[in-house]
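Participant: okay, sequence plus prediction incoming.
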Amino acid sequence: MNKVHLLLATTNQGKAKEIRKLLRGLPIILESLSSYPQYGKFKETGKTFAENSQGKSLFYSQRYPGLVLAEDSGLEVEALGGKPGVYSARFSGPGASDQKNIRKLLRLLTEVPQEKRKARFVCVATVAHAGKVLKSYQGKVEGFIALKPEGKGGFGYDPIFYYPPLKKTFARLKAAEKNKISHRARALKKIKKFLETYLNNQPKKSGFNLKKKQVNLS
């Protein structure tokens, strides 16, 4: 089977690294959004992870000639009414960083006891082609917000997301451990299964690879 070109619609290197590992074994050639600056930047204005994920995949699939995989994910804290939610990456305002976001979140939860610091990571991953959504899946993982950062692995809110079954924050997990139980892993496992079936059902006689002439946006 000829390999199909697939664009990862993210500039977050942490996410891209995880996604590459989760899709390993598929007959695809993964490309980075950083290789296509002419495509512009999608503005995430959706009120849900699904809206942002699907909107992003459609935006880039109208520009990129192959398949596009987009995802939107974040942290929802029960005591904060579901915040930061879709604003997870920019929770601390202009110039937001992982460290600033974590400090703000912990500050807001200063008076909240451990048993009431329930939280969940949510991810919605979407595959699109030629301006059409092919499939979209959601993945969730439940946990608690730790009292302080623990661990140096991962990215984002991983240092303060405590996962009870393993008695560790995500930042203390090995990459292989996290990629078995994370919200992103759960959504991408469904995407991978879909892609396996989708690619197997494509015509082979034409050398199917979805990689045609680049779209000229000028």
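Facilitator: Cool, the structure landed. Model, not experiment: these values are computed from the prediction.

Participant: what part of the chain, helix or strand, is modelled with the least confidence?
Facilitator: helix 13-22 (a mean of 90; mean pLDDT, DSSP states H and E).

Participant: only alpha carbons, please: show the helix or strand just after that one as CSV.
Facilitator: Read in the C-terminal direction, the helix or strand following helix 13-22 is strand 28-32, with elements assigned using DSSP states H and E. Extracted C-alpha coordinates of strand 28-32, given in CSV (Å, rounded to 0.1, in the frame of the first residue of the first chain):
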residue,chain,number,x,y,z
ILE,A,28,1.2,7.3,6.5
ILE,A,29,3.8,10.1,6.0
LEU,A,30,3.3,12.6,8.8
GLU,A,31,3.9,16.2,8.0
SER,A,32,4.2,19.2,10.3
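
Participant: given the longest strand along the chain, what are its sheet partners and their directions?
Facilitator: Across the chain, the longest stretch assigned as strand under DSSP state E is strand 132-145. Neighbouring strands of strand 132-145 in its sheet, by DSSP bridges, are strand 118-129 (antiparallel), strand 161-163 (antiparallel).

Participant: in it, which residues are buried?
Facilitator: By 16 or more other Cβ atoms under 10 Å, the buried positions in strand 132-145 come out as 133, 134, 135, 136, 137, 138, 139, 141, 143, 144, 145. Glycine gets a C-beta too; all of them are placed from N, C-alpha and C.

Participant: tabulate these (CSV), appending distance to residue 3 and pLDDT.
Facilitator: Below are those laid out as CSV (distance: Cβ to Cβ, whole Å; pLDDT from 0 to 100):
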residue, distance to residue 3, pLDDT
133, 22, 97
134, 18, 97
135, 20, 97
136, 23, 98
137, 23, 98
138, 28, 98
139, 26, 98
141, 31, 98
143, 37, 98
144, 42, 98
145, 41, 98
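
Participant: give me the contacts around stretch 7-22.
Facilitator: Contacts made with stretch 7-22 from outside it, assessed by Cβ atoms under 8 Å, 6 or more residues apart in numbering, are listed as 30-34, 36, 42, 56-57, 59-60, 64, 66-71, 73, 89, 154-156, 175, 178-179, 182, 184-185, 188-189, 192.

Participant: which of those fall in strands?
Facilitator: Mapping these onto strands (DSSP E) picks out 30, 31, 32, 67, 68, 69, 70, 71, 73.

Participant: and the second one, what's its pLDDT?
Facilitator: Pointing back at residue 31 there. Among the per-residue scores, residue 31 shows a pLDDT of 94.

Participant: count of residues packed around it?
Facilitator: Applying other Cβ atoms under 10 Å, we find 17 other residues in the vicinity of residue 31.

Participant: what sits opposite it in the beta ladder?
Facilitator: The residues listed as beta-bridge partners of residue 31 by DSSP bridges are residue 7.

Participant: great, nothing more from me.
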